[in-house]
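Peer 1: quick check, what structure comes out for this input:
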Amino acid sequence: MSITSQIGKSLRNRDWGAAAIDVGVVAIGILMALTVDQLFTERQERATEKQLLSTIVSDLRFSAEDLRRDSEFTLFRHEVLKQYLSYKGEATIPADFIQDIGMAANVTSAYTPTVRAYNSMISTGSLTLIKSTDILMALADISRDIENYQNYRNQTTNVWLFTLMPIWLETIEGPASAEHYLNALESRRFFAATGQRATFLMFTGENGIALVEKMTETIALVEQELLDHQ
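Peer 2: A predicted model of the protein is given here:
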């Protein structure tokens, strides 16, 4: 006999106590089923969150390493141009230093830092599965800093593209060589424009290193959250 039939029979027989017990049994059964379902859902969400956090750590570590290398090279180019500017057009530039200056002045980075996992989570809506407010705020902060870094680095590139490069091309005659590089480096216009380029390179490199440190701090924060999940 089904529970519904039992309840109906109890009601017909005016056995209110038994009916109440039967109703209670049904309610408890429903609550237990809902609780089990909720626990299963929460377990699935925790597993998914752990996977997302692991992806974020991997993504941040990869981006931070590439940005560190790029920023260190940017600061190296700044130091080269700083040394060039120290000659002030008065002293003779050493022959073995000429091509280094040309590289530092004209090479521009193609690396673009990004946090692909975070951007992907935003587009898919899976970011809501990350429960830590501290992690979400840290990721949003990094995303904003990346945008600011890119904007500033673009200005660094524009200094080269619209100022240094035209002067460089106007000054160098014939195939590129140390002699032809020296012609450019002794140009007062090129010397003046290089000061601006060196300043932009310095701040680009420093901003990149600061962003790397912020990424590293966030990696530690996420890794601690992963340990707490275990």
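
Peer 1: ok, T112 - contacts?
Peer 2: T112 sits next to Q150 when contact means CB atoms under 8 Å, 6 or more residues apart in numbering. For glycine as for every other residue, the C-beta is placed from the backbone atoms N, C-alpha and C.

Peer 1: what about it, helix or strand, and which?
Peer 2: Using DSSP states H and E, T112 falls within no helix or strand.

Peer 1: could you check how far it is from S63?
Peer 2: T112 sits 10 Å away from S63, going by CB to CB, to the nearest Å.

Peer 1: and the next element down the chain from the strand or helix carrying Y181?
Peer 2: Following DSSP H and E, one finds Y181 within helix 178-185. Sequence-wise, the next helix or strand downstream of helix 178-185 (DSSP H and E) is helix 188-229.

Peer 1: hey, what's in contact with both of T112 and S63?
Peer 2: By CB under 8 Å, 6+ apart, no residue touches both T112 and S63.

Peer 1: low-confidence bits of the protein, can you list those?
Peer 2: 1-45, 88-91, 172-180, 230 (pLDDT under 70).

Peer 1: what about 50?
Peer 2: 23, 36, 39-40 (pLDDT under 50).

Peer 1: in it, which residue is closest to the centre?
Peer 2: Centroid-nearest residue in the chain, with CA atoms, centre = their mean: V115, separated by 3.6 Å.

Peer 1: got a list of what it touches?
Peer 2: So V115 contacts I56, D59, L60, S63, L139, I142, S143, I146 (CB under 8 Å, 6+ apart).

Peer 1: can you lay out the residues you listed as TSV showing neighbour count?
Peer 2: TSV is the format used below for the contacts of V115 (neighbours: other CB atoms under 10 Å):
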residue	neighbour count
I56	25
D59	19
L60	24
S63	22
L139	25
I142	22
S143	14
I146	21
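
Peer 1: so which of those residues sit within helices?
Peer 2: I56, D59, L60, S63, L139, I142, S143, I146 (DSSP state H).

Peer 1: quick one: contacts for the first one?
Peer 2: In this case it means I56. Per CB under 8 Å, 6+ apart, neighbours of I56: V115, A117, Y118, I135, L139, V222.
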